[in-house]
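**Q** pasted the sequence and its predicted model underneath.
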Amino acid sequence: MWLQVALVVGAIPFLTGCARSAQVEAESPPYESCRPRLPDVRGQQSLAEESAWELPQSPPIIVGPGRVQVLYEHEPGTFSVHEFRPRLTTVIAATACPAGLRPARLAVTPSGDDAVVCNSPDPWVPEDKIHRPSEPARVAYGLLSPHGSFEWKTFSDSDGNSPVEGFVDLEGQVAVLHNIPTHTSFTKSLVPTFKLRLVPGLTSVELWSQHHVPGGLDEVLVMFLSDRVLHVVIRELGDLDQEQYFDVAYSLSDGALATTELGQGNVEIVPGRLVRPCVAGGMDHGVSIAFPIQQYVDANWPEKRIGQVRFPSAIFAQGLDAFPSEQALCPPEIARLRQGDKDGWRRASFGKDGWIVAFPGEPLCKDHSPTMRILWSPALRSSEAVQSGRHD
């Protein structure tokens, strides 16, 4: 059973192992200001074991054992990249997108270099149910050079004005995943359609459309490349909170597109419950996905189970919740998630210098901006084995 991990959280009251159903709130520490901080762009700064920061431009990414990076936009078009690890945070870069573009997503290439995608998002007009770009859409892909500056390539992209869910460096091309809000006859609001665009080039593939699930709420869990096949794993939340998980696979070799439901085929099913699905990356470059499922032990009695699927030899994964999978498949349960973010992102990374966890937190004061909370510890605090992310 490979969901078990060793993680001890007893000394941090508001970080609770998921094997414990009760969540204990700690008293909020005093803060000098109601406004969360931005990391210092001038170099390193020390990191308290609990700290509150402004929410980043996009969810943080795990870049290695005990290391998490975030992307912040400052003035429109300018941004900085920061790394958090136990004891300190370090600025990686502070620069600007090409003129007219704004930062969208941060990632790390297989070789370990930082990469940023900038695009020119225009506002969607819900009352018209259409999107009217004010200028030709563009996407810029920037790779951080050894000299500390980004080297940019700018492409025309007909979908470049829509939100970016992720991207992958394909050595000569960049695969950009767009979330294109679309109005359907089933709903009165915009719903996501996920489209893959290979730039430069003319390839544009609609990977996923929510048209057949009225009232649903779809999200991308993880995006990664394995054996020349680009995988996008999508969580579909339909009516009555019924969840399904799908692997949308696009072959870069022949353009074949296939969609399969996770849980069909090579899946391990174990007893237990998950609060939310978890994606973990391994030191061996594999990606492991754990997700809640229901099995009927008889005709009328559903029982919660955990499905576990593993993809070997995956590279450039975005959307990891935990790393390495040899240590944990899920982040620990967190009692102080910001209201409305119970299904939101969490990041946990474990290294020789300790572990670090990032998650969206409540504002420091009422009616103020929400925060990103960072927690870290230099070592596991006891030998108790906790099944992280799991409720038995």
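**A** Nice, I can see it. Residues are numbered from 1 along each chain as shown.
**Q** geometrically speaking, which residue is the centre of the protein?
**A** When Cα atoms, centre = their mean is applied to the chain, the residue found nearest the centroid is G319 (3.3 Å).
**Q** correct me, but that one touches V232?
**A** No. The pair G319 / V232 is not scored as a contact, 9.5 Å apart, by Cβ atoms under 8 Å. Where C-beta positions appear, they are placed from N, C-alpha and C, glycine not excepted.
**Q** SS state for R42?
**A** coil (DSSP: H, G, I helix; E, B strand; the rest coil).
**Q** helix or strand: which one has the residue nearest to it when sequence neighbours are not counted?
**A** Nearest non-adjacent residue to R42, counting by Cβ to Cβ, 6 or more residues apart in numbering: V91, 7.0 Å away. Assigned by DSSP states H and E, V91 falls within strand 88-96.
**Q** next: A328.
**A** Counting by DSSP H and E, A328 is part of no helix or strand.
**Q** before we move on, what about A258?
**A** strand 257-261.
**Q** leaving out chain neighbours, which residue sits closest to H82?
**A** Of all residues not flanking H82 in the chain, P39 sits nearest, at 4.3 Å (Cβ to Cβ, 6+ apart).
**Q** about what we covered before: which residues do G319 and V232 both contact?
**A** G166, V220, V222, M223 (Cβ atoms under 8 Å, 6 or more residues apart in numbering).
**Q** go ahead and confirm the third one touches F311.
**A** No. Under the contact definition of Cβ under 8 Å, V222 does not touch F311, with a separation of 9.3 Å.
**Q** on that earlier part again, the shared contacts of G319 and V232: which two are farthest apart?
**A** Across those, no pair lies farther apart than G166 and V222, at 8.5 Å, counting by Cβ to Cβ.
**Q** mutual contacts of those two, please.
**A** With Cβ under 8 Å, 6+ apart as the test, G166 and V222 both reach V232, Q318, G319.
**Q** E236 - how many residues pack around it?
**A** 18 (other Cβ atoms under 10 Å).
**Q** likewise for S156?
**A** 11.
**Q** that one and P98: what is the separation?
**A** 13 Å (Cβ to Cβ, to the nearest Å).
**Q** identify the contacts common to the two.
**A** Taking Cβ under 8 Å, 6+ apart as the contact rule, S156 and P98 both touch R138.
**Q** gap between S349 and I62?
**A** 5 Å.
**Q** one step back: what's the neighbour count on the residue nearest to R42?
**A** Neighbours of V91 (other Cβ under 10 Å): 18.
**Q** who's in contact with it?
**A** Counting by Cβ under 8 Å, 6+ apart, V91 has contacts P39, D40, V41, R42, G43, Q44, S80, V81, H82.
**Q** type out the ChimeraX command that picks the buried ones from these.
**A** The buried residues among those can be selected in ChimeraX (16 or more other Cβ atoms under 10 Å) with this line:
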select :39,80,81,82
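**Q** make TSV out of the contacts of V91 and add distance to Q69 and pLDDT.
**A** TSV is the format used below for the contacts of V91 (distance: Cβ to Cβ, whole Å; pLDDT from 0 to 100):
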residue	distance to Q69	pLDDT
P39	11	90
D40	15	86
V41	14	87
R42	17	84
G43	16	83
Q44	14	87
S80	11	95
V81	6	95
H82	7	96
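**Q** and the contacts of V91, which is closest to E151?
**A** V81 (14.5 Å).
**Q** ok, and the closest non-adjacent residue to the residue nearest to the centre of the chain?
**A** Using Cβ to Cβ, 6+ apart, the closest residue to G319 is V222 (3.7 Å).
**Q** I'd like to know which of the shared contacts of G166 and V222 is nearest to R276.
**A** Checking these one by one against R276 (Cβ to Cβ), the nearest turns out to be G319, at 12.7 Å.
**Q** hmm, back to that, can you list contacts of the strand holding A258?
**A** Outside strand 257-261, the residues touching it (Cβ under 8 Å, 6+ apart) are V205, L207, W208, Q244, Y245, F246, D247, V248, A249, Y250, S251.
**Q** how many other residues sit next to L257?
**A** Neighbours of L257 using other Cβ under 10 Å come to 13.
**Q** what's the separation between it and D159?
**A** 17 Å.
**Q** ok, now R42?
**A** 37 Å.
**Q** return the distance of stretch 369-377 from the chain's centre.
**A** Distance of stretch 369-377 from its chain centroid, counting by Cα atoms, centre = their mean, to the nearest Å, is 16 Å.
**Q** do stretch 357-377 as well
**A** 17 Å.
**Q** which positions within it qualify as buried?
**A** By 16+ other Cβ under 10 Å, the buried positions in stretch 357-377 come out as 357-364, 370-377.
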